[in-house]
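J.: Show me how the following folds:
(2 chains)
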Amino acid sequence: MKFIKNFFERTEPLVQKGAKYSWLGSVHEGFFTFLFVSKDTSKSGTHIHDFIDLKRTMSIVVLALVPALLFGMYNVGFQHYKAIGELASTGFFGIFLYGLLKVIPVIAVSYIVGLGIEFVFAQLRGHGIHEGFLVSGILIPMIMPIETPLWMVALATAFAVILGKEVFGGTGMNIWNPALVARAFLFFAYPAQMSGESVWVALSSTDKVIDGFSGATPMANAAAGHLNYSVADAFFGFIPGSIGETSAFAILIGALILIVTGIGSWKIMVSTLAGGAVMGLILNAASGSEALSAANQVYFSMPFWHHLILGGFMFGAIFMATDPVSASQTEKGKYIYGFLIGILAILIRVINPAFPEGMMLAILLMNTFAPLIDHYVVAGNIKKRMKRAKISA
Amino acid sequence: MSEPLFSKKNLKLLSDPLNDSNPITVQVLGICSALAVTAQLKPSIVMALSVAAVLAFSNVIISLLRNTIPNRIRIIVQLVVIAALVILVDQVLKAYVYDVSKQLSVFVGLIITNCIIMGRLEAFALGNRPWQSFLDGIGNAAGYGVILIVVGFFRELLGSGSLLGFKIIPDSWYIANGGFYENNGLMVLSPMALIVVGIIIWVQRSRNSKLIEN
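T.: Predicted structure coming up:
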């Protein structure tokens, strides 16, 4: 460790303003504070702080994502070997290795493109590197179908970082969750690569699939009126879907890490799940209606809590909705924000046949309204206190 | 009166709207049509020319009439002039480029409501002589047209893989034919036009020191 620190200290004069390598300044500082605690102390105002800076916060979120990511890798292999009928003859490590080799390039592309753009902007604007992309860079691969072409991942990442974040002023200024902006971009720009039956299971053109194979996700099947998944598979994640979203179990481990460390807001998580459950119950109540088509009647009558473990709902509720930048800031606002995400996600996914998964759109929509919610929560609080002040006067 | 036709001041009327006071990117007028007709390059060009014709001639006509129009009914008079010119343009388009006219559909008629035209009549033609008004009309229409054509260029190239209807991206590149490429469907939707206009504004503002705000 010592020699790394020495290296940074030795090179520091070289990257000062006006020095030979000044264009590397923000990269230097970024890597130094990533590896070590920042040397800078505050020069005015508050002098007490702990070392949980943005970088450390982000690192814990990445840590919380690891269970879902590892399981996602395994599931990529699992779905592949299941599709070609060799599941029984392939060992655990064979399955995992296949998924690992499939997922690593997507992660690499996302980080290289995203961090590259961040470095360029940091240098152009003369500020330090913001570490917001540490999390976005791992979230983006996890919400992509495994068969997304790499250049599309690169394009979406660039779009999200430039137009979803840097345009608004960089990390902490963005209106929407950058990872979801990337996914929304792909979803509308290249719908054929982001939905349908052929994108969720990794298959090369030479693979022979078994009879009766369908790459459709349980959500797509449910929309067509076939509920053919087992609850255990859906909960533990042995179903086709985006890389990191399938296992509610692995995601809940991540949720535990976020809640225990106090980094993710449990209020948003709980209220999102509650919103989803309530909307599921409303749909259950409406399922007997004559006006519905046969397929819709089946979908409406699906047990309400199944909605929470299918598709991207759990992943969105735990990791996307809780993004501290784009979520509501007020404590009361967080309940409203999360609850409406849950309601809208299930509403969009069931009612609108064009969108088999509504979580992305629900979160983006509520990101947009989060400042409005905060505004009224604050205004309400002011009004309450004004009233109290008048009575006592 | 003895001012030459293309004096420095008059040329400025032509060149200013191209950059420093561009109707779309600086004054943010005429955005609706910039979003609606730019999915392909050809309609963008036709739209730019139509607006140029309407804007230049309505500017001249209003400028000629400016001392006789009673102030209280000037908006109505302006509208009559614009509407008459729009109908003329619409008929010409129908006669000579019917397919484009069908593509543009209602948006030719909606030139009447284009804020740039009313804006220039109110702000310029009512107070200036016909020649200057003509140059101002051409200049503003060019500023509008340039943006339309740039947006149309990128949207057709990236959204449909063609320009003016000719295939630019080879067929063998597409995923359906074993390649790797796919057209960007978002480019065809109007939200992307707004984003493209936004990027143009961003680039322009970072290059033009007069437009940088504090």
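
J.: Quick check: residues of the stretch 51-200 of chain A near chain B?
T.: Neighbours of chain B within the stretch 51-200 of chain A, by Cβ under 8 Å from any Cβ of the partner chain: A:P149, A:W151, A:M152, A:L163, A:V167, A:F185, A:F188, A:A189, A:Y190, A:P191, A:A192, A:Q193. C-beta coordinates here come from the backbone N, C-alpha and C atoms, glycine included.

J.: Make TSV out of those and add neighbour count and pLDDT.
T.: Shown next, in TSV, are those (neighbours: other Cβ atoms under 10 Å in any protein chain shown; pLDDT from 0 to 100):
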residue	neighbour count	pLDDT
A:P149	16	88
A:W151	13	90
A:M152	21	91
A:L163	18	89
A:V167	16	85
A:F185	24	91
A:F188	17	89
A:A189	24	89
A:Y190	21	87
A:P191	14	84
A:A192	12	81
A:Q193	19	79
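
J.: of the residues you listed, closest to A:I95?
T.: If you rank those by distance to A:I95 using Cβ to Cβ, A:P149 comes first, at 23.5 Å.

J.: who touches the closest residue to the closest one other than its chain neighbours in this structure?
T.: The shortest distance from A:P149 to any non-neighbouring residue, by Cβ to Cβ, 6 or more residues apart in numbering or on different chains, is to B:F180 (6.1 Å). Applying Cβ atoms under 8 Å, 6 or more residues apart in numbering or on different chains to B:F180 gives the contacts A:P149, A:W151, B:W173.

J.: And B:G159, by the same measure?
T.: Neighbouring residues of B:G159 by Cβ under 8 Å, 6+ apart: B:A39, B:N183, B:N184, B:G185, B:L186, B:M187, B:V188, B:M192.

J.: Keep those, but drop any that are not near chain A.
T.: B:N184, B:G185, B:L186, B:M187.

J.: what are the phi and psi angles of the first one?
T.: Dihedral pair for B:N184: phi -80, psi 100, per degrees, to the nearest 10.

J.: any idea how far it lies from A:P191?
T.: To A:P191, B:N184 is 11 Å away according to Cβ to Cβ, to the nearest Å.

J.: mind listing the helices in chain B by residue range?
T.: Ranges of helices in chain B, per DSSP state H, are B:8-15, B:31-36, B:41-65, B:74-96, B:98-104, B:106-109, B:115-123, B:130-160, B:185-188, B:190-207.

J.: Could you dump these into TSV and include distance to A:I373?
T.: Listed next are the helices of chain B as TSV, based on distance: least, Cβ to Cβ, whole Å:
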stretch	distance to A:I373
helix B:8-15	48
helix B:31-36	29
helix B:41-65	40
helix B:74-96	42
helix B:98-104	42
helix B:106-109	38
helix B:115-123	34
helix B:130-160	35
helix B:185-188	28
helix B:190-207	24
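
J.: how about these, which one is nearest A:G338?
T.: Closest among the helices of chain B, using Cβ to Cβ: helix B:190-207, at 26.6 Å.

J.: residue ranges with poor pLDDT in chain B?
T.: B:1-2, B:214 (pLDDT under 70).

J.: Could you find the residue in it that comes nearest to chain A?
T.: Using Cβ to the nearest Cβ, the point where chain B gets nearest to chain A is B:L186, with a distance of 3.8 Å.

J.: is it true that that residue touches A:A189?
T.: Yes - between B:L186 and A:A189 there is a contact under Cβ atoms under 8 Å: 3.8 Å.

J.: list the contacts for B:R205?
T.: Taking Cβ under 8 Å, 6+ apart, we find B:R205 in contact with B:L211, B:I212.

J.: Quick check: chain neighbours aside, which residue is closest to the residue with the largest distance to the centre of chain B?
T.: Taking Cα atoms, centre = their mean, the residue of chain B most remote from its mean C-alpha position is B:G178, at 39.6 Å. Sequence neighbours aside, B:S172 is the residue nearest to B:G178 in space, at 7.3 Å (criterion: Cβ to Cβ, 6+ apart).

J.: now the one you found: how far from A:Y190?
T.: From B:S172 over to A:Y190 the distance is 18 Å, taken as Cβ to Cβ.

J.: A:N296 too?
T.: 28 Å.

J.: re earlier: taking the residues of the stretch 51-200 of chain A next to chain B as a set, which two sit the farthest apart in space?
T.: Greatest spatial distance among these (Cβ to Cβ): A:V167 and A:A192, at 27.9 Å.

J.: so where do the helices sit in the stretch 151-300 of chain A?
T.: Counting by DSSP state H, counting those that start in this stretch, the segments of the stretch 151-300 of chain A that form helices are A:178-189, A:191-194, A:218-223, A:231-236, A:248-261, A:266-286, A:294-300.

J.: show me what contacts A:I162?
T.: A:I117.

J.: What separation do you get for whichever residue of the stretch 51-200 of chain A sits closest to chain B and A:P141?
T.: Of all residues in the stretch 51-200 of chain A, A:A189 sits closest to chain B, at 3.8 Å by Cβ to the nearest Cβ. Applying Cβ to Cβ, the value for A:A189 to A:P141 is 18 Å.

J.: what does chain B put close to chain A?
T.: Within chain B, the positions adjacent to chain A are B:I175, B:F180, B:E182, B:N184, B:G185, B:L186, B:M187, B:L189, B:I195, B:G198, B:I199, B:W202 by Cβ under 8 Å from any Cβ.

J.: out of those residues, who's nearest A:P105?
T.: Nearest to A:P105 among these, counting by Cβ to Cβ, is B:F180 at 14.3 Å.

J.: rewinding a little: could you redo the residues of the stretch 51-200 of chain A next to chain B as TSV and give each row distance to B:V26?
T.: Listed next are those as TSV, based on distance: Cβ to Cβ, whole Å:
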residue	distance to B:V26
A:P149	39
A:W151	35
A:M152	34
A:L163	21
A:V167	18
A:F185	28
A:F188	29
A:A189	29
A:Y190	34
A:P191	35
A:A192	39
A:Q193	38
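
J.: Among those, which one sits closest to B:Q78?
T.: Using Cβ to Cβ, A:V167 is the member of these that sits closest to B:Q78, with 37.6 Å.

J.: That closest one: what's it in contact with?
T.: By Cβ under 8 Å, 6+ apart, the contact set of A:V167 is B:G198, B:W202.
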